[in-house]
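Q: can you look at this prediction? I've put the sequence above it.
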Amino acid sequence: MRPRVLVLRALGLGDLLAGVPALRAVRRGFPGHEVVLAAPEALRDVVAAVDAVDTLLPASAPGRAVPVRLPWSGPPPEVAVDLHGKGPSSHLLLERTRAGRLLAFAHPGTPHVAGPTWTADEHERHRWCRLLAWYGAPADPGDLRLPPPGGPSPAPGAVVVHPGADADARRWPPERYTAVVRELRRRGHRVVLTGGPGEDALLTRIAGAAGLDGADVLAGGLPFRRLAALCSGAAVVVSGDTGVAHVAVAYGAPSVTLFGPVPPHLWGPPPDPRHAALWHPGPPGDPHARRPDPRLLRIGPDEVLGAVLARLDGRRT
């Protein structure tokens, strides 16, 4: 049996994709090991698309909490890697597997963990790459592209608009999305709408107001493989600060992402003319608030439309 490395990142879609550079550093740093990722069962297809992971260990908790337990079996992992948080809860969870070593950030609650210092004002990709580099496993924050997805896009060359998000704070108003979609259609561009589970009513509202027919509304929450193919073949992907924005970056699609409570220097795309991160600076907001963030509302339809058209022009060039 191969020695195993257990990595904890029991978070969401965007979190997993932002962690790809660190996961690849784990793979390179421990050749010959089986890399086991503790992540939600709902992300199984996403984990399968990440070439740095061998096995999914289902684990999840509400919100961004640390799971209560891990269903680990067999001999203890040789190494455990905490890509979930700064501790101490995540440290203690991994230590219960009796791992030979724990790679994690230092925390006063677990003084025996001699890791690097956690920095709050740091981009998510850079944070975890810095952790791995501190332990001698060099990581490149820009190493986040995934292999091309199998299967054709359901709407090749379309502008993909994803108006939903898992919190109102990061949800741009539907009437503004409608204005952008309507103008893109007037200019001759095909637009398709996507949404997550429970967002069909939002898509129907925007589609009806913008004049889209049923074929251009991909409702019900697309399976990841179909979503990956859609984003990979898109002319531009337009969304709020949510998982779909990370899917676009992972598959090299031009993107326009609208930021509000969380600034793009913490969660935005890498510097690249294909990607536009729209944000109006201001005090930090609550990403889980029940109303759109004031910084998000400062973004107007004309600003979004201009960014989309610039990406379309760049793609043609």
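A: Ah, there it is. It should be emphasised that the depicted structure is a prediction, and the values quoted were computed from it without experimental measurement. Numbers count the residues shown, from 1 in each chain.
Q: where along the stretch 151-300 of the chain do the helices fall?
A: 174-186, 200-210, 224-232, 243-250, 264-267, 294-297 (DSSP state H, counting those that start in this stretch).
Q: hang on, residue 306 in a helix?
A: Yes: assessed with DSSP: H, G, I helix; E, B strand; the rest coil, residue 306 lies in a helix.
Q: residue numbering should commence at 639 henceforth.
A: OK, 639 is where the count begins now, so the last one is residue 944.
Q: neighbours of it, how many?
A: 14 (other Cβ atoms under 10 Å). (Glycine included, C-beta is placed from N, CA and C.)
Q: just the strands in the protein please.
A: Assigned by DSSP state E, the chain shows strands spanning 642-646, 672-677, 693-696, 717-720, 739-741, 797-800, 829-832, 855-856, 874-878, 893-896, 913-916.
Q: make a markdown table from those and add mean pLDDT to it.
A: Converted to a markdown table, the strands of the chain look like this (pLDDT from 0 to 100):
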| stretch | mean pLDDT |
| --- | --- |
| strand 642-646 | 98 |
| strand 672-677 | 98 |
| strand 693-696 | 98 |
| strand 717-720 | 98 |
| strand 739-741 | 98 |
| strand 797-800 | 98 |
| strand 829-832 | 98 |
| strand 855-856 | 96 |
| strand 874-878 | 98 |
| strand 893-896 | 98 |
| strand 913-916 | 98 |
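Q: adding mean neighbour count, write these out as TSV.
A: As requested, these are exported to TSV (neighbours: other Cβ atoms under 10 Å):
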stretch	mean neighbour count
strand 642-646	24
strand 672-677	23
strand 693-696	16
strand 717-720	28
strand 739-741	20
strand 797-800	27
strand 829-832	25
strand 855-856	20
strand 874-878	28
strand 893-896	27
strand 913-916	22
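Q: got those as TSV, with distance to residue 707 columns?
A: TSV is the format used below for the strands of the chain (distance: least, Cβ to Cβ, whole Å):
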stretch	distance to residue 707
strand 642-646	12
strand 672-677	10
strand 693-696	11
strand 717-720	14
strand 739-741	17
strand 797-800	34
strand 829-832	34
strand 855-856	36
strand 874-878	33
strand 893-896	35
strand 913-916	37
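Q: of all these, which one is nearest residue 782?
A: Residue 782 lies closest to strand 913-916 among those, at 11.8 Å (Cβ to Cβ).
Q: can you pull out the residues in contact with that closest one?
A: Strand 913-916 has contacts (Cβ atoms under 8 Å, 6 or more residues apart in numbering) with 886-887, 892-897, 902, 906-907, 937, 941-942, 945, 948-949.
Q: nearest to residue 765, of the strands of the chain?
A: Nearest to residue 765 among those is strand 717-720 (11.7 Å), distances taken as Cβ to Cβ.
Q: in the sheet, which strands lie alongside the closest one, parallel or antiparallel?
A: strand 642-646 (parallel), strand 739-741 (parallel) (DSSP bridges).
Q: low-confidence regions, the stretch 839-955 of the chain specifically.
A: The model of the stretch 839-955 of the chain has pLDDT under 70 over residues 953-955.
Q: any chance of the strands paired with strand 717-720 in TSV, plus distance to residue 720?
A: Converted to TSV, the strands paired with strand 717-720 look like this (distance: least, Cβ to Cβ, whole Å):
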stretch	distance to residue 720
strand 642-646	5
strand 739-741	7
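Q: figure out which of these is closest to residue 871.
A: Once the strands paired with strand 717-720 are compared by Cβ to Cβ, strand 642-646 is nearest, at 30.5 Å.
Q: need the residues that contact that closest one.
A: 661, 664, 668, 671-676, 691, 695, 697, 708, 710, 712-713, 715-722, 728, 731-732, 735, 737.
Q: can you tell me which of the helices of the stretch 789-938 of the chain is most buried?
A: Mean neighbours per residue, mean count of other Cβ atoms under 10 Å, is largest over these for helix 881-888, with a mean of 27.
Q: what helices and strands are in contact with it?
A: helix 651-656, strand 797-800, helix 862-870, strand 874-878, strand 893-896 (3 or more Cβ pairs under 8 Å, 6 or more residues apart in numbering; DSSP states H and E).
Q: can I get the second one in PDB? Just the C-alpha atoms.
A: The one in question is strand 797-800. The C-alpha trace of strand 797-800 is given here as PDB (Å, rounded to 0.1, in the frame of the first residue of the first chain):
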ATOM      1  CA  VAL A 797     -21.500  34.900 -23.500                       C
ATOM      2  CA  VAL A 798     -22.300  32.900 -20.300                       C
ATOM      3  CA  VAL A 799     -24.100  35.000 -17.600                       C
ATOM      4  CA  HIS A 800     -24.400  33.500 -14.100                       C
END
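Q: could you list every helix and strand in contact with it?
A: Here strand 797-800 touches helix 812-824, strand 829-832, strand 874-878, helix 881-888, going by 3+ Cβ pairs under 8 Å, 6+ apart.
Q: next: the last one.
A: Of the remaining helices and strands, those touching strand 893-896 by 3+ Cβ pairs under 8 Å, 6+ apart are strand 874-878, helix 881-888, strand 913-916, helix 939-954.
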